[in-house]
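J.: got a structure for you, letters missing:
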């Protein structure tokens, strides 16, 4: 309290973001990432370019410097992408026809 009897309240707000990637192929099969040493949801490079809003040259640089991992089938490791952008990544397959119309 200050000299006039008033108290001060501090409020801290934490936020958490989740990015959801919807795919049309419905594939929820995991691929093994040799760098993460775990099963991960594979993402196509086109998804990565769209999520990050960068050109394919920027994405190739991130792949070459190891910031994000390329899987053996040319897909991208969703775990390394989540770590790089600092968010949780959920991939949801089987978009409904109604979602496709939006």
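T.: The structure has been received and is ready for your questions. Quick caveat: nothing in here was measured; it's all calculated off a predicted structure. Numbering: from 1, shown residues only.
J.: find the residue ranges of this protein scoring beneath the pLDDT cut-off.
T.: 1, 17, 19-28, 87-102 (pLDDT under 70).
J.: okay, strands next: where are they in it?
T.: In order along the chain, the chain carries the following strands (DSSP state E): 18-22, 31-33, 38-40, 42-43, 76-77, 88-92.
J.: strand partners of the fourth one, parallel vs antiparallel please.
T.: It refers to strand 42-43. If you go by DSSP bridges, strand 42-43 pairs up with strand 76-77 (antiparallel).
J.: do the second one as well
T.: Strand 31-33 has its sheet partners listed here by DSSP bridges as strand 38-40 (antiparallel).
J.: so how far is the partner strand off the chain centroid?
T.: Using CA atoms, centre = their mean, to the nearest Å, we find the averaged C-alpha position of strand 38-40 to lie 14 Å away from the chain's own average C-alpha position.
J.: list the contacts of it.
T.: Residues outside strand 38-40 that contact it (CB atoms under 8 Å, 6 or more residues apart in numbering) are 30, 31, 32, 33, 71, 77, 78, 79, 80. Heads up, the C-betas are built off the backbone N, CA and C, glycines and all.
J.: distance of the second one from residue 44?
T.: Spelled out, it's residue 31. Distance, residue 31 to residue 44, using CB to CB, to the nearest Å: 12 Å.
J.: so what sits against both of these two?
T.: Common neighbours of residue 31 and residue 44 are listed as residue 75 (criterion: CB under 8 Å, 6+ apart).
J.: the more surrounded of the two?
T.: Neighbours per residue (other CB atoms under 10 Å) separate residue 31 from residue 44, with residue 31 holding more: 17 against 14.
J.: before we move on, back to that, would you reformat the contacts of strand 38-40 as JSON lines and include distance to residue 50?
T.: Rendered in JSON lines, the data for the contacts of strand 38-40 read as follows (distance: CB to CB, whole Å):
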{"residue": "30", "distance to residue 50": "22"}
{"residue": "31", "distance to residue 50": "20"}
{"residue": "32", "distance to residue 50": "24"}
{"residue": "33", "distance to residue 50": "21"}
{"residue": "71", "distance to residue 50": "18"}
{"residue": "77", "distance to residue 50": "17"}
{"residue": "78", "distance to residue 50": "14"}
{"residue": "79", "distance to residue 50": "18"}
{"residue": "80", "distance to residue 50": "17"}
